[in-house]
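# here is my input; please provide its structure:
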Amino acid sequence: MNMSRPTVALVCIARPTFDVPLAQSMADRAAAQLAEQFTLVGSGATLVMDAAAVTNAAQTLAGARFDLLVLFQASFADSSMAVSLAEIAAAQHAAVLLWSVPDARDGGRLRLNSLCGINLAGHALMLRQIPYDYVHCAVEDPAAMTKAALLARAGRARRLLHGAIVGLVGERPGGFETCDYAPADLAALFGVQVQPIALTETLHKAASADPAARQPFLDLVAQLMPNLAELDSKAVAGTAGVYATLRAEVDARSLSGVAVRCWPEFFTELGCAACGAMSVLGEEGCPASCEADVNGTVTTLLLQHLAGEPAFLTDLVSIDAASDTGVLWHCGLAPSSMADPAVGVRGTVHSNRKLPLLFEFPLKPGRVTLARLHRRSLTGGIAGYQLAIGGGEMVQAPRSFGGANGVIRFDCPATTLLERVMRAGLEHHVSIVYGDVREELRAFARMAGLEVLELTTC
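Below you'll find the model as predicted:
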């Protein structure tokens, strides 16, 4: 799942009463640094110093699509230009970075007064509730590019979420309040739309799917699973029909993810599991969550956008104080690229319903990030949500249970993690992705106005 380079809009702000040659030198060097890592748009190293120039820069930004706006404070300027440009970035759901550079303390003239410029801009943006971050460092300081890269990834994730459509197949099972969602809140907070899809219609289409439409799925799983022939071929073909139907819905409705009522109807009416179909969708970049968990799908999609890797919705099913580990498990819908290559993927049946097709494997060792859009109140609005964030190391270990699962050593004691989950009343599903994107998640939370619930910080 390759991701293109983030796009950064650069505007360099200055005032002609300060040291313009020095400001231009700083702007040139900043633009060169950014161009090495990002696709640049905007006015580049050109100094924007008056109303006409900022109007031209604003027109350029309005016609571009970008993940991050860097307002480089080449010298002091009042906040008016920064506000005009940041408002365009906010309309695009992009991140904003204010960058100032230090002045030499040589006893002479204050040549740039750059820091005071971002101070004015930060206050003005705060009053307008426009999220921003800042960096105060020399142009060649690696901290500037590190901050820009982090914000560009977070900004891209926020921009991609806005306008995303999640397909909801059926309704969540009774008693699974953890899978409830509020469509108005998702639209207001993230620009995510939920599109209901009738379960009965989905089941009918899956049952009557053409054999040719089922074949790509069957060919794929035959390559992945050496034991496929040992499983009930009729049930496997049923899961292939589920995949063909869900894939067609995703393509026809331009869905970014799906949340599926995966039981009991797929078992009782189709005689097969939906898990294998959902695993393949996740591997293809369309996160699929079981038990009609819409907020779980949104969280999984966010992780995918940040990491550029397939993500997975899972349960915390075991905590062992003696080994200081936990187990993350789900029936068998994890993307196959998460399998431990030393073991590989096998096909299996559902542990309770005894029907295929599920993907069974231990999760591969490596660094993982955990997250959950946590709905903590029925009142709605921004105050009703947190973004839970955690991390740990998936260790190489045999499967603890059937299905897809892995043994994880959290960044805090396992019992501490459990205490935080239970005291917060966290949902039973958490999303995981390989890689460490905790800082990106925190940046996203700041942009979205979400309070962070730290699960594993010691």
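# secondary structure element for residue 360?
Residue 360 belongs to strand 358-362 when elements are defined using DSSP states H and E.
# buried stuff in the helix or strand just after that strand?
Where DSSP H and E defines the elements, the next helix or strand beyond strand 358-362 is strand 366-375. Within strand 366-375, the residues that qualify as buried are 368, 369, 370, 371, 372, 373, 374, 375, counting by 16 or more other Cβ atoms under 10 Å. (Glycine included, C-beta is placed from N, CA and C.)
# so who does the third one touch?
Neighbouring residues of residue 370 by Cβ atoms under 8 Å, 6 or more residues apart in numbering: 388, 389, 390, 391, 392, 430, 431, 432, 455, 456.
# could you redo the last one with a cut-off of 10 Å?
Applying Cβ atoms under 10 Å, 6 or more residues apart in numbering, we find residue 370 in contact with 299, 303, 314, 316, 328, 388-392, 408, 410-411, 417, 430-433, 438, 441, 455-456.
# so residue 166, which of the three states?
Using DSSP: H, G, I helix; E, B strand; the rest coil, the structure places residue 166 in strand.
# give me the neighbour count for it.
24 (other Cβ atoms under 10 Å).
# give the contact list for it.
Counted by Cβ under 10 Å, 6+ apart, residue 166 has contacts 181, 183, 186, 192-195, 255-259, 287, 289, 294-298, 301.
# now, those that are in strands?
193, 194, 195, 257, 258, 259, 289 (DSSP state E).
# circling back to that earlier point, which ones among the contacts of residue 370 are found in helices?
Mapping the contacts of residue 370 onto helices (DSSP state H) picks out 299, 303, 417, 438, 441.
# per-domain residue ranges of this structure.
The domain map for the chain lists 7-161, 165-454, with the assignment taken from automatic domain parsing.
# list buried residues within the contacts of residue 166.
Buried, going by 16+ other Cβ under 10 Å: 181, 186, 192, 194, 255-259, 287, 289, 294-298, 301, out of the contacts of residue 166.
# residues contacting residue 396?
Contacts of residue 396 (Cβ under 10 Å, 6+ apart): 340, 342, 343, 362, 363, 364, 365, 366, 406, 407.
# what's the distance between it and residue 343?
Per Cβ to Cβ, to the nearest Å, residue 396 is found 9 Å from residue 343.
# any common contacting residues for those two?
In contact with both residue 396 and residue 343: 362, 363, 364, using Cβ under 10 Å, 6+ apart.
# turn the residues you listed into CSV, including distance to residue 98 and pLDDT.
CSV is the format used below for these (distance: Cβ to Cβ, whole Å; pLDDT from 0 to 100):
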residue, distance to residue 98, pLDDT
362, 45, 97
363, 40, 98
364, 40, 98
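# just to revisit the earlier point, among the contacts of residue 396, which one lies nearest to residue 159?
When the contacts of residue 396 are compared for distance to residue 159 (Cβ to Cβ), residue 366 wins out at 27.7 Å.
# for the closest one, what are its contacts?
338, 340, 393, 394, 395, 396, 406, 434, 435.
# most surrounded residue in these?
Highest count within these by other Cβ under 10 Å belongs to residue 406, 29 neighbours.
# who does the closest residue to it other than its chain neighbours form a beta bridge with?
Nearest non-adjacent residue to residue 406, counting by Cβ to Cβ, 6 or more residues apart in numbering: residue 363, 2.8 Å away. Beta-bridge pairing of residue 363 under DSSP bridges involves residue 339.
# hmm, residue 363 is touching residue 329, no?
Yes: applying Cβ atoms under 10 Å as the test, residue 363 and residue 329 come out as touching, 9.4 Å apart.
# more crowded one of the two?
residue 363 (28 against 22).
# circling back to that earlier point, got JSON lines for the shared contacts of residue 396 and residue 343, with distance to residue 20 too?
Listed next are these as JSON lines, based on distance: Cβ to Cβ, whole Å:
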{"residue": "362", "distance to residue 20": "62"}
{"residue": "363", "distance to residue 20": "57"}
{"residue": "364", "distance to residue 20": "55"}
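# which of the residues you listed lies closest to residue 53?
The closest of the shared contacts of residue 396 and residue 343, once distances to residue 53 are taken by Cβ to Cβ, is residue 364, at 52.0 Å.
# spit out the contact partners of the closest residue to the closest one other than its chain neighbours.
What sits nearest to residue 364 in space, not counting adjacent residues and going by Cβ to Cβ, 6+ apart, is residue 340, at 4.4 Å. Residues counted as contacts of residue 340 (Cβ under 10 Å, 6+ apart) are 361, 362, 363, 364, 365, 366, 394, 396, 397, 398, 399, 406.
# ok, now residue 91?
61, 62.
# now do it against residue 69, distance only.
Taking Cβ to Cβ, one finds residue 91 at 11 Å from residue 69.
# joint contacts of these two?
Shared contacts of residue 91 and residue 69, counting by Cβ under 10 Å, 6+ apart, come down to residue 61.
# and the strands in the stretch 351-458 of the chain?
Taking DSSP state E, counting those that start in this stretch as the test, the strands found in the stretch 351-458 of the chain are 358-362, 366-375, 385-395, 404-410, 429-434, 451-454.
# which stretches of the stretch 301-450 of the chain have low pLDDT?
Nowhere does the stretch 301-450 of the chain drop to pLDDT under 70.
# the helices in this protein, which residues?
Using DSSP H, helices in the chain cover 20-37, 51-62, 80-91, 114-127, 142-161, 183-190, 199-207, 211-224, 233-253, 265-270, 275-283, 294-307, 414-424, 438-448.
# buried set for the third one?
By neighbour count on 16+ other Cβ under 10 Å, the buried set for helix 80-91 is 81, 82, 83, 84, 85, 86, 88, 89, 90.
# can you count the residues close to residue 423?
8.
# over to residue 308?
Neighbours of residue 308 using other Cβ under 10 Å come to 15.
# middle-most residue in the protein, spatially?
Nearest to the mean C-alpha position of the chain, by Cα atoms, centre = their mean, lies residue 302 at 1.8 Å.
# and residue 119, what does it touch?
73, 76, 79, 98, 100, 113, 134, 136.
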